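Generate a structure from the sequence data that follows.
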Amino acid sequence: MSWYDLVRPFVNQVDPEAAHGYAIAALRNGLVPRPAVVADPVLRVDLWGRSFPSPIGLAAGFDKDAEVPDAMLDQGFGFVEIGSVTPRPQPGNPKKRLFRLTQDEAVINRLGFNSRGLAVAKANLERRQRRGIVGVNLGKNKETVEAGDDYVAGAQALAPFADYLVCNVSSPNTPGLRALQSREALDALVVRVQTALAESKSAIPLLFKIAPDLADADLEDVVRVALDRKLGGLIVGNTTLSRPASLGDAQKNEAGGLSGRPLMALSTEILAKTYRLAGGAVTLVGTGGVFDAADAYAKIRAGATLVQLYSAMVYRGPGVAAAIAADLAALLRRDGFASVAEAVGADRR
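Numbering: from 1, shown residues only. This is a model prediction of the structure:
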């Protein structure tokens, strides 16, 4: 029994958003036990001129304001993605807006890009000593008409402190955001942000985070833009507006994006389609429903070079990343792979 098994019954009695705030505070103050370090060469991923000690990363949404990236690296994540960060502070949608679907090991959120803004995130990133791999996820303010202005502002402010940059164009909780995934809109946005990065001499990879709900034709458009513009990669995918028939929790019909275990099948299917459409020529980050090493391995074999999780921590605790990494190394060796790279897309080749 882990320490999290002991405290989880008490955590479940607390409002989910309040519990998240307490977790950030505990991590910030060094009160969360660290798991044993998993340092296995079979897990190392060399990508974008960087060496990832493990392909298991923390998805955006947990550390929105870059308060605890180093604490999360110490929890066994091979990389950490902070954000989504909006240029100006905004409170997000009215509370209550975060729901545990305990019966389904899922989460529904309609947070709406609550963010303390670029200034806070920049200050937090600026004061840390650079170590590990930390990516920055950018969003737009709700009232912004020209979305490109916000993503460019975010890139200019935070790229100097990031190992990679992500434009989140797939949250279901900001009106009109997902329309940015259309081919024309996405292409224009990619060009603007790439131009801003070039002008600021920030030679870091640019990724876009897409929805798992895209129709096949829309997914083809996204992949075409990624190929034509030589994107650093795609994160597949975000939360889903769909509700699998298997959901049994009483809160299953709350509005917002669904994440957690029920998202695994859908997100992995879209990941595999993306890998096939791109012919393996676009780096993919698989996220959605990862709870154990078998889930992470399925993402890799479907085409993901890196894998992210978040909701699993609600049910397994922050040390879940280290446990997954250790078990993933065993799965790779069992099947004769000497590295993660060898296993990428194995089920699609």
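
The helix or strand harbouring residue 123 packs against which elements?
Element membership for residue 123, per DSSP states H and E: helix 118-127. The helices and strands touching helix 118-127, judged by 3 or more CB pairs under 8 Å, 6 or more residues apart in numbering; DSSP states H and E, are strand 79-85, strand 134-138, helix 147-158. To be clear about C-beta, it is placed using only N, CA and C from the backbone, and glycine gets the same treatment.

Out of these, which is closest to residue 260?
The minimum distance between residue 260 and the helices and strands packed on helix 118-127 falls on strand 79-85, with 17.8 Å, by CB to CB.

Return the helix or strand in the chain with minimum mean pLDDT.
Using mean pLDDT, DSSP states H and E, the weakest-scoring helix or strand in the chain turns out to be helix 3-11, at a mean of 94.

Could you pull up phi and psi at residue 140?
In terms of degrees, to the nearest 10, the main-chain angles of residue 140 are phi -120, psi 150.

what's the closest non-adjacent residue to it?
Distance criterion CB to CB, 6 or more residues apart in numbering; nearest residue to residue 140, sequence neighbours excluded, is residue 150 at 3.9 Å.

my guess is that neighbour meets residue 156, correct?
No. Judged on CB atoms under 8 Å, residue 150 makes no contact with residue 156 at a distance of 10.9 Å.

Looking at these two, which has the bigger crowd around it?
Between residue 150 and residue 156, residue 150 has the larger neighbour count (other CB atoms under 10 Å), namely 21 against 17.

list the contacts for the more buried one?
86-87, 138-141, 144 (CB atoms under 8 Å, 6 or more residues apart in numbering).

Redo those as TSV? Include neighbour count and pLDDT.
Below are the contacts of residue 150 laid out as TSV (neighbours: other CB atoms under 10 Å; pLDDT from 0 to 100):
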residue	neighbour count	pLDDT
86	27	98
87	22	98
138	30	98
139	30	97
140	29	97
141	19	97
144	18	96
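
with the residues you listed in mind, which one is nearest to residue 42?
Of all the contacts of residue 150, residue 42 sits closest to residue 138, with 32.7 Å by CB to CB.

Return the set of residues that bridge with that closest one.
Beta bridges link residue 138 to residue 85, residue 167, judged by DSSP bridges.

still on that earlier bit, got the angle for the first helix or strand past the least confident helix or strand of the chain going along the chain vs helix 3-11?
Counting by DSSP H and E, the next helix or strand C-terminal to helix 3-11 is helix 16-28. Counting by axes from the mean of the first three to the mean of the last three CA atoms, to 10 degrees, helix 16-28 lies at 140 degrees to helix 3-11.

Which strands and helices lie in contact with helix 16-28?
With 3+ CB pairs under 8 Å, 6+ apart as the test, helix 16-28 has helix 69-73, strand 98-101 packed against it.

residue contacts, the closest residue to residue 137 other than its chain neighbours?
Computed as CB to CB, 6+ apart, the closest residue to residue 137 that is not its neighbour in sequence is residue 83, at 3.2 Å. Contacts for residue 83 (CB under 8 Å, 6+ apart) come out as 60-61, 63-64, 66, 115, 121, 136-139, 166, 168.

before we move on, what about residue 191?
Shown in contact with residue 191 (CB under 8 Å, 6+ apart): residue 229.

Look up phi and psi at it.
Main-chain torsions, residue 191, degrees, to the nearest 10: phi -60, psi -40.

residues in contact with the residue nearest to residue 48 when sequence neighbours are not counted?
Sequence neighbours aside, residue 205 is the residue nearest to residue 48 in space, at 4.6 Å (criterion: CB to CB, 6+ apart). Residue 205 makes contact with 48, 164-165, 231-233, 283 under the criterion CB under 8 Å, 6+ apart.

what's the spacing between the least confident helix or strand of the chain and its chain's center?
25 Å (CA atoms, centre = their mean, to the nearest Å).

who touches that helix?
Contact with helix 3-11 is made by 19, 33, 315-319, as judged by CB under 8 Å, 6+ apart.

go with 6 Å
Helix 3-11 is touched from outside by 19, 33, 317, with contacts defined as CB atoms under 6 Å, 6 or more residues apart in numbering.

Stretch 216-234 now?
By CB under 6 Å, 6+ apart, the residues outside stretch 216-234 that reach it are 181, 183, 186-187, 190, 205-208, 210, 277-278, 282-284.

what mean pLDDT would you report for that stretch?
Computed over stretch 216-234, the mean pLDDT rounds to 97.

In CSV, could you pull the C-alpha coordinates for that stretch?
Output of stretch 216-234 as CSV, limited to C-alpha atoms (Å, rounded to 0.1, in the frame of the first residue of the first chain):
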residue,chain,number,x,y,z
ASP,A,216,-11.5,12.1,-40.4
ALA,A,217,-11.5,14.9,-43.0
ASP,A,218,-10.5,17.4,-40.3
LEU,A,219,-7.8,15.2,-39.0
GLU,A,220,-6.4,14.9,-42.5
ASP,A,221,-6.3,18.7,-42.8
VAL,A,222,-4.4,19.0,-39.4
VAL,A,223,-1.9,16.4,-40.5
ARG,A,224,-1.4,18.1,-43.9
VAL,A,225,-0.6,21.4,-42.1
ALA,A,226,1.8,19.7,-39.7
LEU,A,227,3.6,18.1,-42.6
ASP,A,228,3.6,21.2,-44.8
ARG,A,229,4.8,23.5,-42.0
LYS,A,230,7.2,21.0,-40.5
LEU,A,231,5.7,21.2,-37.0
GLY,A,232,7.7,19.8,-34.1
GLY,A,233,4.8,17.5,-33.4
LEU,A,234,1.1,17.0,-32.5
